[in-house]
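[1] below are the sequence and a predicted model; questions follow.
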Amino acid sequence: MFIRILRDSLFRSKRRKAIVLAAATLGTAAAAALGDIALDVGDKMSRELKAFGANLVVLPAGGGAPVLVGGEDVSGLRVPAYLDASDVPKVKDNFWKNNILAIAPVLDVPARLGGRAVLLRGAWIERPLAIGDEPAAPAGLRVLNPLWSVTGHWPMETRMVAGARSEALVGRGLAEALGTAPGDTIVLEVAGRAAALSVAGILAAGGEEDQAVLAPIETVWDLSGLNGRLSRILVSALTTPESEVYARLGANPKDLPPAEFERWSCTPFVSSVAYEIERTLPGSEARVIRRVADSEGQVLRRTSGLMALIAALAAFGAALTVTSALTTSVLERRSEIGLLKAMGAGNARVVGLFLSEAAALGIVGGLLGAAGGALLARFISASVFGSPVSIRPLSIPLAVIASLAITIAGCVVPVKRLMRLHPFEVLRGL
Amino acid sequence: MGSERRSIAWSRAATSARFLMRSLSLRGPSFILALLAVTVGATVVTTMLNLKLDLRSKMSRELRRYGPNLLLVPAPDRRAGGTSSTLDEAGARALPSRLGAPEAVVSPLLLAGGGVAAMDAQGAPASRPVAAATVGADFDLLRRLNPSWRVEGRWPAPGEAACLAGASLASRAGLRPGGRALVRAGGEERALAVAGIVATGEAEDEQVIVPLRVLQEMTGRPGRVSLAALSIDGGAQAVARAAVAAQAALPGTAARPLGQIAAAQGALLAKLDRMMVVLTAAVLLLSGLCLLTTLMSMVVEREGEIGLMRSVGAGDGVILAMFAGEVSLLGLVGALLGWGLGALSSGLIGMRLFGAAIAARADVAPGVVLGSVVLCFIAVLVPLRRALAIQPAAVLRGE
């Protein structure tokens, strides 16, 4: 009997039901799409933020490598210290290997070009780096700085062979001052010896590299005699914004209580990634480039917060709209309630009928809405970030439960109000 | 004759108005629910539009944390002259107003080679002097230019004879916040308090930063600076424009945009802009459809009432007029309420996220009101057409 009434009620007034269903579906879709994006936007944005360059730099302990400004050593009387090139994979081969997106080993050497002191920077340009059994991923300056542009071509990553000239990039500012063009040959004087390099391209980096000569690291090793040495390794890591507590304590992680230390070292804060690198690479000092790391955290916090608030607002709006649609549809059926009660149906039975109806609409609306929301989120993410948002399986049951809760809530209030009426009042249209 | 017609028209209008008022008062809860639906839709859309229109300037401010994106240095040909390798300090300080960008931050800097040594309580050098790049700066401006710098200790107060030391330099020379340092530059030595230690992970870690006036006196270059570092809002194109304008404003200088930062800032802003456009469009579409279905359900539920009105002789025009009046009222009141609430909610979001309210924009209001009214009309007219096509008897019998 109950089932028959329910089935009848669901399929008799199809138009009414279709409209409520559409409202539930649209509301759930809006909330689900924005929720999916809000959960994923942090990851997407932090990949966008990688365009700002490295957020960590690994130096020999004590900061012992020469500091060159425009080719002049400004670090004074210190005995230079270097990192060993064979240690490069260790920077990535640690607990955070999936968070370390790009690394670039660098060796800075003072040189003279056309009578002026210049900085000769040897570096990995772009070469595969394999860690353990994982497939090799590209590493080097080109990966680390996706916004660098080169007129001409990037130099080949080969060692100097007899007869063939090594290639180098000349910074834009330096090239303008010297009148160098791609294809020219420059004569660099390094450690008292002159060497000819062919100019592969002009580099527009927008930093100190604009006044420098950039070459593959093997070329610089051969020119300077500093074989297998590195001044520093630049690292770009995917990190989460440091919370206030850890930002204050981060300077001295060893002072944290053990449980807190555990939590700190298992969260990809920029300081805990630096700590892990120092641990796997003895004799090194990993420094956080605060300008990049802190700004990243701030921008991420803002964007994620913005998206979460927008999603909450949309969910709230959708819930209210669906509730009001349902309330109207229940209020208009007061005569049906009166009839049912006049025929002897108890309050529980009438409430049960309306609630089952609302639940059926809520479940179907939730499922359709979750699917629609996932499609919408994919489309939005693909059109903004160029990569689809990852759909969390958990979002489907969540959407259904939310939609169910909203439809039932939208039903309970008006039905309870109608329950208080006597059947004859309702039937007379009071 | 004419007066009779007028009185008929008048009584018709009065009947319509009475119908409208009756309908509103009888259907109080229903009308309020419909109003709620319109208000909520308008609130969400207004919030999104306000956010979209203000987000760029808010995020630009946020991106200033990346520090300077434009350097102004003496032009290369004058640099060769040695003594003239500096800029006029007053000219550099006036740059933001001369560029017509008062929100830009400029920090004049003077560079010199030199060294630093820690001093003990008696004022005698406590450590071997360590070579260090010495930078003269206006600490107030430097701090505004680099909001992301972390200082252990404190920033020196204006006019105080104190310095900031880079973290690596401080650990080598044994400098501590609250201690004293002997700074050597330009052949002179000065004892300064060490106000704080700054860790940036970049060149500043090897520098000692002293008040600009002090370094100008020590090196005998009063009123001169080596370079001006600027932070310009708005991405690579804005920086390129400012670079050209700055070179024109200060002859004999060369502007060096820090392209990577400016370009990355621009790319990020463009991405955020795009995200907000797509999201606003999606929210607009979905809340519009949601509102449409909600209002439709309300008309569908009133088919009986329409049938009754027709059976007692109301023409289609009267029914249409009644619904049109109801729906215009609904759209107008709902949209205005929604606009107000949306302004409030975007203001709250701005305060919460950016610490500055997002201004409510009046130019959003006409669009929101017009959109709501049009949507309400569509939502009512589509089911109404169908209701009017049915025979009154069939509806009243409940078929």
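    Now that the structure is in, tell me what you want to look at. Note that the structure is a prediction, hence the values are computed from the model and not measured.

[2] residue contacts, the residue nearest in space to the middle of chain B?
    In chain B, the centroid-proximal residue (C-alpha atoms, centre = their mean) is B:K58; its distance is 1.8 Å. By C-beta atoms under 8 Å, 6 or more residues apart in numbering or on different chains, the contact list for B:K58 reads B:350, B:353-354, B:356, B:358. All C-beta spots, glycine's among them, are computed from the backbone N, C-alpha and C.

[3] go again with 6 Å.
    B:F354 (C-beta atoms under 6 Å, 6 or more residues apart in numbering or on different chains).

[4] repeat that for B:G334.
    So B:G334 contacts B:35, B:38-39, B:42, B:372 (C-beta under 6 Å, 6+ apart).

[5] output stretch B:349-367 as PDB, restricted to C-alpha atoms.
    C-alpha atoms of stretch B:349-367 as PDB (Å, rounded to 0.1, in the frame of the first residue of the first chain):
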ATOM      1  CA  ILE B 349      35.500  37.700   2.600                       C
ATOM      2  CA  GLY B 350      37.900  40.600   1.800                       C
ATOM      3  CA  MET B 351      38.400  41.300   5.500                       C
ATOM      4  CA  ARG B 352      39.000  37.700   6.300                       C
ATOM      5  CA  LEU B 353      41.300  36.800   3.400                       C
ATOM      6  CA  PHE B 354      43.100  40.100   2.600                       C
ATOM      7  CA  GLY B 355      42.600  42.200   5.800                       C
ATOM      8  CA  ALA B 356      40.900  44.800   3.600                       C
ATOM      9  CA  ALA B 357      37.300  45.000   2.700                       C
ATOM     10  CA  ILE B 358      36.400  44.300  -1.000                       C
ATOM     11  CA  ALA B 359      34.500  47.400  -2.000                       C
ATOM     12  CA  ALA B 360      30.900  46.900  -3.000                       C
ATOM     13  CA  ARG B 361      30.500  48.200  -6.500                       C
ATOM     14  CA  ALA B 362      27.400  50.100  -7.400                       C
ATOM     15  CA  ASP B 363      27.900  49.300 -11.100                       C
ATOM     16  CA  VAL B 364      27.100  45.700 -10.400                       C
ATOM     17  CA  ALA B 365      23.600  46.500  -9.100                       C
ATOM     18  CA  PRO B 366      21.800  47.300 -12.400                       C
ATOM     19  CA  GLY B 367      23.000  44.100 -14.000                       C
END
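
[6] let me see the ranges of the helices in chain A.
    A:2-12, A:14-48, A:88-92, A:141-144, A:172-178, A:217-224, A:244-249, A:258-265, A:270-280, A:290-331, A:334-342, A:347-385, A:395-419, A:423-427 (DSSP state H).

[7] relative to B:A255, which of these is closest?
    helix A:172-178 (11.4 Å; C-beta to C-beta).

[8] who in the stretch 151-300 of chain B is up against chain A?
    By C-beta under 6 Å from any C-beta of the partner chain, the residues of the stretch 151-300 of chain B that approach chain A are B:168, B:200-202, B:206, B:258-260, B:263-264, B:267, B:271, B:274-275, B:278, B:283, B:286, B:289-290, B:293-294, B:296-298, B:300.

[9] residues in contact with the residue lying closest to A:A370 once chain neighbours are set aside?
    Excluding the flanking residues, the one nearest A:A370 by C-beta to C-beta, 6 or more residues apart in numbering or on different chains is A:A399, at 3.7 Å. Counting by C-beta under 6 Å, 6+ apart, A:A399 touches A:28, A:32, A:366, A:369-370.

[10] mind checking how far A:A399 is from A:L21?
    15 Å (C-beta to C-beta, to the nearest Å).

[11] same deal with A:A181?
    In terms of C-beta to C-beta, A:A181 sits 68 Å off from A:L21.

[12] again with A:K97
    For A:K97, the distance to A:L21 - C-beta to C-beta - is 48 Å.

[13] likewise B:L353?
    B:L353 is 35 Å from A:L21, by C-beta to C-beta.

[14] so what's the residue count around A:S86?
    Neighbours of A:S86 under the rule other C-beta atoms under 10 Å in any protein chain shown: 9.

[15] ok, and the closest non-adjacent residue to it?
    A:G228 (6.9 Å).

[16] ditto for A:A274
    Using C-beta to C-beta, 6+ apart, the nearest residue to A:A274 is A:A286, at 3.9 Å.
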